[in-house]
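A.B. asks: Task: produce atomic coordinates for the following.
(one chain, ligands or ions: 2)
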Amino acid sequence: MSELVFFSGTMDCGKSTLALQIGHNRSARGLQGVIFTRDDRAGEGKLSSRLGLVTDAVEATEGMDLHGYLVDRLSRGGKVDYVIVDEAQFLAPRQIDQLARIVDELRLDVFAFGITTDFRTKLFPGSQRLIELADRVEALQVEALCWCGARATHNARTVDGEMVVEGAQVVVGDVNRRAGEVGYEVLCRRHHLRRVTSATAKAGVRSPDVLPVQQG
Ligand SMILES: Nc1ncnc2c1ncn2[C@@H]1O[C@H](COP(=O)(O)OP(=O)(O)O)[C@@H](O)[C@H]1O
Ligand SMILES: Cc1cn([C@H]2C[C@H](O)[C@@H](COP(=O)(O)O)O2)c(=O)[nH]c1=O
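C.D. replies: Numbers count the residues shown, from 1 in each chain. Ligands and ions are numbered 1, 2, ... in the order given. Sure thing, here's the model as predicted:
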């Protein structure tokens, strides 16, 4: 039975590495996959891991019909045994519905990888739809850690090491950014809600503020 599986976690917890491993193990047995990604840090049409591995992928652009792409490829005689989707949080909800149709109608396994929540702890629309539709949601075994040693569960956006809570939902970036650059840091919920990053903890700054809560 084919499945739609959502491997979710914080940034930097090994999602892309696992995506590459799943692809490698299947291709080592002669299976052929289609790898979709969107806005990978390594550039268009790439799936990259911080361990240094990178592979070519199909850029899932805004508005692209992922189910239609597969149908087209199969009808031209292409062999497709499974589908991998990295940075799945960036996909539109209707593209997640297309992934479900790939599983149900084309009977292919779809392995989707992505972060669940943004820097304000809000669900990405693509991740929300994945949680709604996936056969399974899997947390990665290797946990990322907050600076305090607790399991990191949330992603903070930082500028000069300080957490920011205003801005666009999507800003492609990485952890460990240089001064002046927008970066990210994974934190436990306690420190995310209190806005205590590793830099502000070191500086002894404690903010009692919590994230702004929007009503309605
Ligand atoms: N130099 C290193 N040695 C060992 N592991 C590393 C190294 N650099 C990164 N990693 C591992 O890679 C993980 C990040 O992998 P990646 O697949 O890029 O994450 P994600 O896609 O979840 O953001 C880190 O959590 C860490 O476990
Ligand atoms: C929290 C958060 C992250 N992003 C971006 C930053 C990265 O480009 C990706 C996550 O990639 P990773 O392989 O999981 O590290 O998402 C964003 O655009 N908005 C956010 O709020």
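A.B. asks: What residues does the protein have near ligand 1?
C.D. replies: 9, 11-17, 49-51, 142, 144 (Cβ under 6 Å from any ligand atom). Bear in mind the C-beta positions are built from the backbone N, C-alpha and C, glycine included.
A.B. asks: for those residues, which one is nearest ligand 2?
C.D. replies: Sorting the residues of the chain next to ligand 1 by distance to ligand 2 puts M11 at the head of the list, at 3.5 Å, by Cβ to the nearest ligand atom.
A.B. asks: filter the residues of the chain next to ligand 1 to the buried ones?
C.D. replies: Judged by neighbour count, with 16 or more other Cβ atoms under 10 Å as the criterion, the buried members of those are 9, 11-17, 49, 144.
A.B. asks: quick revisit: from the residues of the chain next to ligand 1, which two are the most distant?
C.D. replies: G9 and L51 (15.3 Å; Cβ to Cβ).
A.B. asks: any idea how this structure splits into domains?
C.D. replies: 4-139, 154-202 (automatic domain parsing).
A.B. asks: looking at those domains, which is buried most?
C.D. replies: Among these, ranked by average contacts under mean count of other Cβ atoms under 10 Å, first place goes to domain 4-139 (a mean of 18).
A.B. asks: Quick one: distance of it to the chain centre.
C.D. replies: On the basis of Cα atoms, centre = their mean, to the nearest Å, domain 4-139 is displaced by 9 Å from the centre of the chain it belongs to.
A.B. asks: is it true that R195 touches G161?
C.D. replies: No: R195 sits out of contact with G161 when judged by Cβ atoms under 8 Å, with a separation of 11.5 Å.
A.B. asks: about what we covered before: report the lowest-confidence entry in the residues of the chain next to ligand 1.
C.D. replies: Least confident by pLDDT among the residues of the chain next to ligand 1: that is V142, with 86.
A.B. asks: who's in contact with the nearest residue to it once chain neighbours are set aside?
C.D. replies: With Cβ to Cβ, 6 or more residues apart in numbering as the criterion, V142 has its nearest non-adjacent residue at 4.9 Å, and that residue is G14. With contact taken as Cβ atoms under 8 Å, 6 or more residues apart in numbering, G14 is in contact with 49, 140, 142.
A.B. asks: contacting residues around the most centrally placed residue in the chain?
C.D. replies: In the chain, the residue lying closest to the centroid (Cα atoms, centre = their mean) is G114, at 2.0 Å. Contacts for G114 were tallied using Cβ under 8 Å, 6+ apart; they are 6-8, 15, 85-90, 124, 126-127, 130.
A.B. asks: which of the residues you listed lies closest to R190?
C.D. replies: Comparing the contacts of G114 against R190 with Cβ to Cβ picks out S8 as the nearest, at 20.4 Å.
A.B. asks: Within the sheet, what are the partner strands of the host helix or strand of that closest one, with directions?
C.D. replies: Using DSSP states H and E, the secondary-structure element containing S8 is strand 4-9. Within its sheet, strand 4-9 is paired with strand 109-115 (parallel), strand 136-139 (parallel), according to DSSP bridges.
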